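Engineer: with the sequence up front, the predicted model follows.
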There are 2 protein chains.
Amino acid sequence: MRVLYHLPLSPHCRKVRLALAEKRIPFELRLERVWERRPEFLDLNPAGMVPVLEEENGLVLADSYVICEYLDEAYPETPLLGRTHAERAEVRRLVAWFDGKFNDEVTRNLLYEKQFKRMLQRGNPDGPALRAGYANIKGHLEYLGWLAETRSWLAGSSLSLADLTAAAQLSALDYIGDVDWTLSDAAKDWYARIKSRPSFRPILAERISGVAPPEHYDDLDF
Amino acid sequence: MRVLYHLPLSPHCRKVRLALAEKRIPFELRLERVWERRPEFLDLNPAGMVPVLEEENGLVLADSYVICEYLDEAYPETPLLGRTHAERAEVRRLVAWFDGKFNDEVTRNLLYEKQFKRMLQRGNPDGPALRAGYANIKGHLEYLGWLAETRSWLAGSSLSLADLTAAAQLSALDYIGDVDWTLSDAAKDWYARIKSRPSFRPILAERISGVAPPEHYDDLDF
């Protein structure tokens, strides 16, 4: 069976889990405590980071960008990157937006500061970082809401990796109670739609030891 | 003529310039002072970042990941991403390594702190960030040297986007004198080879107002 090495709250891992599930590709999920720097894992990915996908034929794919591009090339049914050059450019632009800009401006400031620092005993959350994260998420939710209002899905008429990437980031932040859904009705409606998909169920059912999500987290009519 | 909006010292812009030049795709280079947040530019890329490529048919591509994947799909001659799944996984893994891990651990700590902060009058370089950057670059040069020693090019037997991405990052740092090439002979030999390619000439010839590169910067036998 193919194996996905992951961490439960990592948005990049969640993105890959959603992509695999949308494509109905079976996989076994394996928790990798990357901070332990397990030698066998470093052999698979010298960068020491998750996600890493190990195919049954031994092919190893490290990094969510690498995995998702590969999945659309190797399993082209249920395409997640679009068909035309323009569609693919728009899907990838939003993937880069949420994996890059959103992750830098929001997720690092909130999820890393509040959750990973505590777990790794690296001290208290940094006040200015938290304030920046809470300030930045507003503009991003507004932009996401505008996209959701003007299109069926974020990148156009079909569900794409753009939706999965954005939902992966937001679901991890929602788990720690850091998404104020009252800021954008359109963003909330889009998230309710994507949250209801079968691909999302295992993610919503997962619990991290010692951290309970808010009540609305796995409520499909939140 | 297609237009590439760029900043001269941005590694992500340099990567795209190298990819275009290796593929012999002509383009006009346009300087975009992203901090001025020019409305016409924000219409092209709401993220407000370079690189952005505007094709002659009006197609706009924002983000170096989006542009490079598009270039290999739209101009498949001189492929830069490899052919088999395994080759493509390895090229992209190293692209993600240098654009992600190297950029976070080294380039942000040195180039942003020393050059962009000064240019944007955002205060002095942060001491701990500089120290982290100088410490981190050592391990990366060692890894790059190991790759260069065991393979013809970084990702395998052919020049690929992995080489262009690594060279783009290192050339920007080399401009500000922050690469100690004595740390790895193999990395230095690889860089001498890539620096000698015609695609590199315009980058080595470019000068940034008020910042002179070290003497070895454009010397092909440094």
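Structural biologist: Happy to help now that I have it. Residues are numbered from 1 along each chain as shown, chains lettered A, B, ... in the order given.

Engineer: CA atoms for contacts and neighbours, from now on please.
Structural biologist: OK.

Engineer: who's in contact with residue A:190?
Structural biologist: A:145, A:148, A:153 (Cα atoms under 8 Å, 6 or more residues apart in numbering or on different chains).

Engineer: and residue A:175, by the same measure?
Structural biologist: Residue A:175 touches A:212, A:213, A:214, A:217, counting by Cα under 8 Å, 6+ apart.

Engineer: thinking again about what came up before, just curious, which of the contacts of residue A:190 is nearest to chain B?
Structural biologist: Within the contacts of residue A:190, proximity to chain B (Cα to the nearest Cα) peaks at residue A:145, which comes in at 14.3 Å.

Engineer: and the closest one, what pLDDT?
Structural biologist: Here, the pLDDT recorded for residue A:145 equals 98.

Engineer: how about the one 3 residues further on?
Structural biologist: Residue A:148 carries a pLDDT score of 97 in this model.

Engineer: how near is it to residue A:194?
Structural biologist: Distance, residue A:148 to residue A:194, by Cα to Cα, to the nearest Å: 12 Å.

Engineer: looking at these two, which has the bigger crowd around it?
Structural biologist: residue A:148 (22 against 18; other Cα atoms under 10 Å in any protein chain shown).

Engineer: the more buried one sits in which helix or strand?
Structural biologist: Assigned by DSSP states H and E, residue A:148 belongs to helix A:127-150.

Engineer: report the mean per-residue pLDDT for whatever helix or strand comes next after that helix.
Structural biologist: Next along the chain after helix A:127-150, taking DSSP H and E as the criterion, comes helix A:161-175. For helix A:161-175, the mean pLDDT works out to 98.

Engineer: taking helix A:127-150 as reference, get the angle to helix A:161-175.
Structural biologist: For helix A:161-175 against helix A:127-150, the angle by axes from the mean of the first three to the mean of the last three Cα atoms, to 10 degrees is 140 degrees.

Engineer: tell me the first helix or strand C-terminal of helix A:161-175.
Structural biologist: Counting by DSSP H and E, what follows helix A:161-175 is helix A:185-195.

Engineer: got the angle between that following helix and helix A:161-175?
Structural biologist: 100 degrees.

Engineer: and helix A:185-195, what's buried?
Structural biologist: A:186, A:187, A:188, A:189, A:190, A:191, A:194, A:195 (16 or more other Cα atoms under 10 Å in any protein chain shown).

Engineer: quick check: phi and psi on the residue nearest to residue A:152 when sequence neighbours are not counted?
Structural biologist: Closest residue in space to residue A:152, ignoring its immediate chain neighbours: residue A:158 at 6.9 Å, by Cα to Cα, 6 or more residues apart in numbering or on different chains. Phi and psi for residue A:158, reported as degrees, to the nearest 10, are phi -120, psi 150.

Engineer: returning to what we had before: among the buried residues of helix A:185-195, which one sits closest to chain B?
Structural biologist: residue A:187 (17.8 Å).

Engineer: coming back round to it: pLDDT wise, what is the residue nearest to residue A:152 at?
Structural biologist: So residue A:158 comes in at 97 (pLDDT).

Engineer: any idea how far it lies from residue A:59?
Structural biologist: For residue A:158, the distance to residue A:59 - Cα to Cα - is 30 Å.

Engineer: quick check: domain ranges of chain A?
Structural biologist: Domain segmentation of chain A under the TED database yields A:1-72, A:83-203.

Engineer: check whether the first one contacts chain B.
Structural biologist: Going back to what we said before, that points to domain A:1-72. Yes: counting by Cα under 8 Å from any Cα of the partner chain, chain B has neighbours in domain A:1-72: A:47, A:59, A:60, A:61, A:62, A:63, A:65, A:66, A:67, A:70.

Engineer: the third one: how many residues sit nearby?
Structural biologist: Counted with other Cα under 10 Å, residues neighbouring residue A:60 total 19.

Engineer: buried subset of the residues of domain A:1-72 next to chain B as a ChimeraX selection?
Structural biologist: Buried subset of the residues of domain A:1-72 next to chain B, written as a ChimeraX selection, criterion 16+ other Cα under 10 Å:
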select /A:47,60,61,62,63,65,66,67,70
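
Engineer: for residue A:102, state which of the residues of domain A:1-72 next to chain B is nearest.
Structural biologist: Residue A:102 has its nearest neighbour among the residues of domain A:1-72 next to chain B in residue A:65, at 15.4 Å by Cα to Cα.

Engineer: quick one: contacts for the closest one?
Structural biologist: Here residue A:65 is in contact with B:92, B:96 (criterion: Cα under 8 Å, 6+ apart).

Engineer: change it to 10 Å
Structural biologist: A:12, A:15-16, A:51, A:71, A:92, A:95-96, A:99, B:65, B:89, B:92-93, B:95-96 (Cα atoms under 10 Å, 6 or more residues apart in numbering or on different chains).

Engineer: also residue A:22?
Structural biologist: A:16, A:78, A:79, A:80, A:159, A:160, A:161, A:164, A:197, A:198, A:199, A:200.

Engineer: show the pLDDT at residue A:104.
Structural biologist: Per-residue confidence (pLDDT) for residue A:104: 95.

Engineer: number of nearby residues for residue A:6?
Structural biologist: 23.

Engineer: my guess is it contacts residue A:48, does it?
Structural biologist: No: Residue A:6 lies out of contact with residue A:48 (Cα atoms under 10 Å); the separation is 11.3 Å.
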